[in-house]
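Peer 1: Sequence first, predicted coordinates after that:
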Amino acid sequence: MTSGTQPPQADPGNPQHPEAASNAPQADGPNEAASQRPEMQSPAPYEPAGSGTQQPGHYESAAYQRAAPQPGYQPAAPQSGYEHAGPGTQGAYQPPQDPAAPPGAPAMSAPAQHRQAAPQAGQSAWWHPAAASDPWRDPGSRAVIETRPVPHAPAPEPLPARAPRAKPALGIVIAVSAVTALIAGTLGAAIGIWATRSGSGTGSLLGAEPQTERDVTSVAGVVEQIMPSVVTVLTADGGNGSGFIVSDDGYVMTNHHVVVGGGTEPAASLQVLFSDGNVTTAEVIGSDPDSDVAVLRIEGDQHPAMVLADSDQVAVGDPVLAVGAPLGLSSTVTEGIVSAIDRPVLTQNNNGEVESVMAAIQTDAAINPGNSGGPLTDIAGQVIGINTAIASTAAEGEAGNIGIGFAIPINQAKRIADEIIATGSASHTVLGAELGESELGVGVTLSKVVAGSPAADAGLQDGDVVTSFNGNMVAENTELIALIRKLAPGTVVTVVYERDGEEHSAQVTLEAATD
């Protein structure tokens, strides 16, 4: 077929090409099933070459679009899926005529009630005397297949109306706008920074203005709120520690080893540096070496005090912030988690002697020399402990952070600080027994129970092995001492112990030491 020639068209009653009939999809419902369709007929009537317009009365299938015909290839007519002529036309169909057909050629096929008379015997309905002899138009060719009339089929269901396109939700529009604005602002700020550093332009920054207000639930927002309450404590030997304000009338909590500096006795007063750069003098109210807690006071009655949390509610895995002046770097913040609780820790004084024992909060937030006395807070900025010590792998001297730091629980530190403020000294909680040598993992042996002590009043005896204290398993002496000192005098605890191979328990009311 030459270029521009219109391929034969199919109408509702025309015969089908053999290939089209064999490959067409099956139809359900109001459309005819494949088993109900007529047998295939010969190709469409003769069409002269060079016709470039679609002939009237030819119907294109709505469901299947044919590709442009290839040279020498006769395209198959679509099997089904065409659109109906329209509402109210069923039963009034008029067979279209092909104006290009030669004189005497029959009209195109139509429904049975409108079909023209069949050709006479020996006369082909598809033969044209002037046509070239070929297997498709030769009536003697075996390619010609006799057909039967096409049964009238019910009208196919009309295609459903296309649903109106929904407008995008307002939330999506807002989200897209926000993302677009964020990208534009970031790009503008980057261009402005480049222009300033490269010396081009007038030096003003392009793009979005810097954000000055931060959400208080973010780390930056929390730090912004608590930083005015954290101070750097300048020691007498030229070093430094940290501290934090705990009352609006100027009380500051820090470590005992900070106020003694490189000596053995606390200083009478120390200089403290605020986050805004101001420096003032703080009076040393008192300190307690056994708990490593000290209290300072600065003048004024409108200081920003930090909130003290309940350290008994701290759990392993809680996020934490450590704030202070490590290595003299004031207003430094590090972040981590609670790695362990009730970790028994011994600290030494400047003479290398054991000075304090604590059931510490362990954290992986970076703590270095100079952080001592600063706050360890929860993610909301509430104090849960006082940063005090770090683990070290150095053979000599001080080492930096290795991810193992320790803080005094704030419940214990607050109790000690209250007593220092009230009386100038602090009491120490005792069980009332001397501890002997114990095998690792077995428990703590009470080598001697002091008469009239809490242990004696609860029925404990010499040689008893304590395996559990206040719900905590104990396996060594340091653990038991740390857990006892953590609690206030008057606290009632359950002690589980072994005697002569049998397990017993007792309720013990702890008391303050008398000496």
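Peer 2: Sure, I can see it. Computed from a prediction, not measured in an experiment: that's the story for all the values here. Residues are numbered from 1 along each chain as shown.

Peer 1: can you pull out the helices in the stretch 201-350 of the chain?
Peer 2: Using DSSP state H, counting those that start in this stretch, the helices of the stretch 201-350 of the chain run over residues 219-226, 256-259.

Peer 1: Can I get those helices in CSV including mean neighbour count and mean pLDDT?
Peer 2: Glycine gets a C-beta too; all of them are placed from N, C-alpha and C. Listed next are the helices of the stretch 201-350 of the chain as CSV, based on neighbours: other Cβ atoms under 10 Å; pLDDT from 0 to 100:
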stretch, mean neighbour count, mean pLDDT
helix 219-226, 17, 94
helix 256-259, 27, 96
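
Peer 1: Let's have these in JSON lines, adding distance to G239.
Peer 2: Compiled in JSON lines, those are given as follows (distance: least, Cβ to Cβ, whole Å):
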{"stretch": "helix 219-226", "distance to G239": "24"}
{"stretch": "helix 256-259", "distance to G239": "9"}
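
Peer 1: Of those, which is nearest I421?
Peer 2: With respect to I421, and counting by Cβ to Cβ, the nearest of the helices of the stretch 201-350 of the chain is helix 256-259 at 14.7 Å.

Peer 1: before we move on, back to that, can you say which of the helices of the stretch 201-350 of the chain is nearest to E439?
Peer 2: helix 256-259 (33.0 Å).

Peer 1: Please list the residues outside the closest one that contact it.
Peer 2: Here helix 256-259 makes contact (Cβ atoms under 8 Å, 6 or more residues apart in numbering) with 233, 235, 241-243, 266-267, 270, 284, 287-289, 291-294, 296, 347, 349, 355-356, 372-373.

Peer 1: and that helix, C-alpha only, in CSV?
Peer 2: What follows is helix 256-259, C-alpha atoms only, in CSV (Å, rounded to 0.1, in the frame of the first residue of the first chain):
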residue,chain,number,x,y,z
HIS,A,256,34.8,19.1,96.8
HIS,A,257,37.9,18.4,94.8
VAL,A,258,37.3,21.6,92.8
VAL,A,259,37.2,23.9,95.8
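
Peer 1: before we move on, the earlier item: narrow the contacts of helix 256-259 to those that are buried.
Peer 2: The neighbour-count criterion (16 or more other Cβ atoms under 10 Å) marks 233, 235, 241-243, 266-267, 270, 284, 287-289, 291-294, 296, 347, 355-356, 372-373 among the contacts of helix 256-259 as buried.

Peer 1: what's the closest of the helices of the stretch 201-350 of the chain to V320?
Peer 2: Of all those, helix 219-226 comes closest under Cβ to Cβ, at 10.9 Å.

Peer 1: Are there helices or strands packed against the closest one, and which ones?
Peer 2: The contact analysis (3 or more Cβ pairs under 8 Å, 6 or more residues apart in numbering; DSSP states H and E) places helix 219-226 against strand 319-324, strand 332-348, strand 375-378.

Peer 1: Low-confidence ranges, the protein, go.
Peer 2: Residue ranges of the chain with pLDDT under 70: 1-216, 395-398.

Peer 1: hmm, 80 instead?
Peer 2: 1-217, 394-399, 438-442, 515 (pLDDT under 80).

Peer 1: who's in contact with N278?
Peer 2: Counting by Cβ under 8 Å, 6+ apart, N278 makes contact with nothing.

Peer 1: try 10 Å
Peer 2: Contact partners of N278, counting by Cβ atoms under 10 Å, 6 or more residues apart in numbering, are V231, V272.

Peer 1: again with G336
Peer 2: Taking Cβ under 10 Å, 6+ apart as the test, what G336 contacts is 318-322, 363-367, 376, 403, 405.

Peer 1: V316 contacts D364, doesn't it?
Peer 2: No - contact between V316 and D364 fails when scored by Cβ atoms under 10 Å: they sit 11.2 Å apart.

Peer 1: Next, show the common contact partners of the two.
Peer 2: I337, V338, S339, A340.

Peer 1: Verify the contact between the first one and L376 for me.
Peer 2: No - the pair I337 / L376 is not scored as a contact, 11.2 Å apart, by Cβ under 10 Å.

Peer 1: the strands in the stretch 401-515 of the chain, which residues?
Peer 2: Using DSSP state E, counting those that start in this stretch, the strands of the stretch 401-515 of the chain run over 405-409, 429-430, 433-435, 444-449, 465-469, 472-473, 492-499, 502-509, 511-512.

Peer 1: Ok, the stretch 201-350 of the chain next?
Peer 2: Along the stretch 201-350 of the chain, the segments classed as strands by DSSP E, counting those that start in this stretch run 230-234, 240-245, 251-254, 269-273, 279-288, 293-298, 319-324, 332-348.

Peer 1: closest to Q382 out of those?
Peer 2: Short answer: strand 319-324, nearest of the strands of the stretch 201-350 of the chain by Cβ to Cβ, at 10.2 Å.

Peer 1: Just want the angle from the closest one to strand 230-234.
Peer 2: Strand 319-324 runs at 40 degrees relative to strand 230-234, counting by axes from the mean of the first three to the mean of the last three Cα atoms, to 10 degrees.

Peer 1: Partner strands of strand 319-324 and their direction?
Peer 2: Counting by DSSP bridges, the strands paired with strand 319-324 are strand 332-348 (antiparallel), strand 375-378 (antiparallel).

Peer 1: Highest mean neighbour count out of those?
Peer 2: Highest mean neighbour count among these (mean count of other Cβ atoms under 10 Å): strand 375-378, with a mean of 27.

Peer 1: Which of the contacts of G336 ranks first by neighbour count?
Peer 2: Ranked by neighbour count (other Cβ atoms under 10 Å), the contacts of G336 have L376 at the top, with 31 neighbours.

Peer 1: Next, work out how far apart that residue and F469 are.
Peer 2: The spacing between L376 and F469, counted by Cβ to Cβ, to the nearest Å, is 24 Å.

Peer 1: can you check V430 too?
Peer 2: For V430, the distance to F469 equals 13 Å [Cβ to Cβ].

Peer 1: Between these two, point out the one with more neighbours.
Peer 2: F469 (23 against 20).

Peer 1: Contact partners for that one?
Peer 2: 431, 443-444, 479-480, 482-484, 487, 493-497, 508.

Peer 1: Of the strands of the stretch 401-515 of the chain, flag the one that's most buried.
Peer 2: strand 405-409 (a mean of 28).

Peer 1: and the angle from that strand to strand 319-324?
Peer 2: 90 degrees.

Peer 1: counting contacts, what elements does strand 405-409 pack onto?
Peer 2: strand 319-324, strand 332-348, strand 354-363, strand 375-378, strand 383-390, helix 410-423 (3 or more Cβ pairs under 10 Å, 6 or more residues apart in numbering; DSSP states H and E).

Peer 1: Restricting to C-alpha, output the last one in CSV.
Peer 2: If I follow you right, that is helix 410-423. The C-alpha trace of helix 410-423 is given here as CSV (Å, rounded to 0.1, in the frame of the first residue of the first chain):
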residue,chain,number,x,y,z
ILE,A,410,21.5,14.7,92.2
ASN,A,411,19.2,13.3,94.9
GLN,A,412,22.3,12.4,97.0
ALA,A,413,24.1,15.7,96.1
LYS,A,414,21.0,17.8,97.0
ARG,A,415,20.6,16.1,100.3
ILE,A,416,24.3,16.8,101.1
ALA,A,417,24.1,20.4,99.9
ASP,A,418,21.0,21.1,101.9
GLU,A,419,22.8,19.9,105.0
ILE,A,420,25.9,22.0,104.2
ILE,A,421,23.8,25.1,103.8
ALA,A,422,21.8,24.4,107.0
THR,A,423,24.6,23.2,109.3
